Each structure stands twice: as structure tokens, then as C-alpha cells.
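In: Provide a 3D model corresponding to the input given below.
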Amino acid sequence: MSAWLQESQLVNIDDVHAALCSPVSKHHDPTLKHVEQELLDHLRDFLDFVNVVCVNDPDAGKKYYDLTDSTDFDLMGQLHRPGFEKHYDHITPYLADANVAFKDVEIFAVTPDFGYITYIQHFKGTSSDKTPFDFTFRATSVLRKIDGHWKYIHEHFSFPVNMANKQADTTSGQSLSDNVEFNKSK
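Out: Got it, this is the predicted structure:
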């Protein structure tokens, strides 16, 4: 089992990939390793925003997104273009008092200006209506370099689901093979 990573541990792409719970994918292009490092730098800066800046300045995170041309398959539903900025303006202040950590971070540069990141995210805090929350979920972030800056253009967050009872596991702790069958009685 890999360890949870905070901003201070998201420094070197080789170290981050070495912390994976499985071998690094064969699909990395070694000529784009410097781009993967740029994506890691973006992820580290974003994590600093979420853990430090957001509680006092939620609007500061808008620079990490293409607000006019993003899609989001969020935990609570889907969001299609346009409309991401309205969603951001609602959810970010609501969940601003949070702490986030990542594990099993794998960063893929596809081209010099396009890449994606897969990871497990632990998201814990207190909402603006004083409701505590604590989720662990799977995430895939798709990014494009726009005017010299990396921007999220799509994010997909999900929980594993027990296929028999249709219940989501908000801790992401259930085993894949234990939850495949629709009928557990057989």
C-alpha cells in the first residue's frame, strides 16, 4: 500500500512514480519526462491552493482551470460545457476548509501540451454549513497547456461500487474482485 503524499513530497517525478503501488506504466514517453515534471509542479501548486490558500481565497484556484471549456464528472454529478465556472463558484467556497492528500499518482505527458494524471485522493474537511466530510476516491485529471499554463480541462472522480447492493464505498477501500457479482447469494 502506498503512502499519502502532501505538497512537500510532490517534488520529483521519478520519486512520485517510485511511490506507486504498482510498476510504472510502459506507456510513458521518455522524451516527455520534462513535461511530466511540469504537470507534477502544477499538481503540487494546486494541492497547496487546496490545503492552504482556498479557505481564505477560493477564487485563487480559478487559474488552474479552463473555466469556459471544461467538463467535470464529479462525485455528485456530471457537468458539461459551458458551466464549469458556475459550478466552481458554488462548490469551491462550500468545500474550502479542507485537507487533500494524494497517493498512487501517475502522470502521463501525451504531447508537450497535453497530459493526464491518475491518482487516489483523500478529501477531508468541514463544509461552509459546518458539515464534516471525509472521502477517498479515484481521480483522473486531463490537462492542456494554454498560453504557457497548465489547465484542467476535464476531471473524473468516482467511488468503487458494490455491484450487489449498488452502494458506493466513500472510503475506496473495498476490493475489486469482492464486488463484481450482482447476486452475492449464489
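In: in what helix or strand does the residue positioned nearest the centre of the chain lie?
Out: Residue closest to the average C-alpha location in the chain (C-alpha atoms, centre = their mean): Ala139, at 4.4 Å. Applying DSSP states H and E as the criterion places Ala139 in strand 132-146.
In: and if you look at Gly115?
Out: Element membership of Gly115, judged by DSSP H and E, is strand 114-126.
In: and Ala98, by the same measure?
Out: Going by DSSP H and E, Ala98 is in strand 97-111.
In: and that strand, what's buried?
Out: Using 16 or more other C-beta atoms under 10 Å as the test for burial, strand 97-111 gives Asp97, Ala98, Val100, Ala101, Phe102, Lys103, Asp104, Val105, Glu106, Ile107, Phe108, Ala109. Quick note: C-beta positions are derived from backbone N, CA and C, even for glycine.
In: now, the most widely separated pair of those?
Out: Using C-beta to C-beta, the two most remote members of the buried residues of strand 97-111 are Asp97 and Ala109, lying 33.2 Å apart.
In: could you pull out the strands for the chain?
Out: Here the chain has its strands, by DSSP state E, at 71-74, 77-79, 97-111, 114-126, 132-146, 149-158, 161-162, 167-168.
In: same list (the ones you listed) but as a markdown table, adding mean pLDDT and distance to Leu176.
Out: A markdown table is the format used below for the strands of the chain (pLDDT from 0 to 100; distance: least, C-beta to C-beta, whole Å):
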| stretch | mean pLDDT | distance to Leu176 |
| --- | --- | --- |
| strand 71-74 | 92 | 20 |
| strand 77-79 | 89 | 24 |
| strand 97-111 | 97 | 14 |
| strand 114-126 | 97 | 13 |
| strand 132-146 | 97 | 11 |
| strand 149-158 | 97 | 13 |
| strand 161-162 | 86 | 11 |
| strand 167-168 | 88 | 14 |
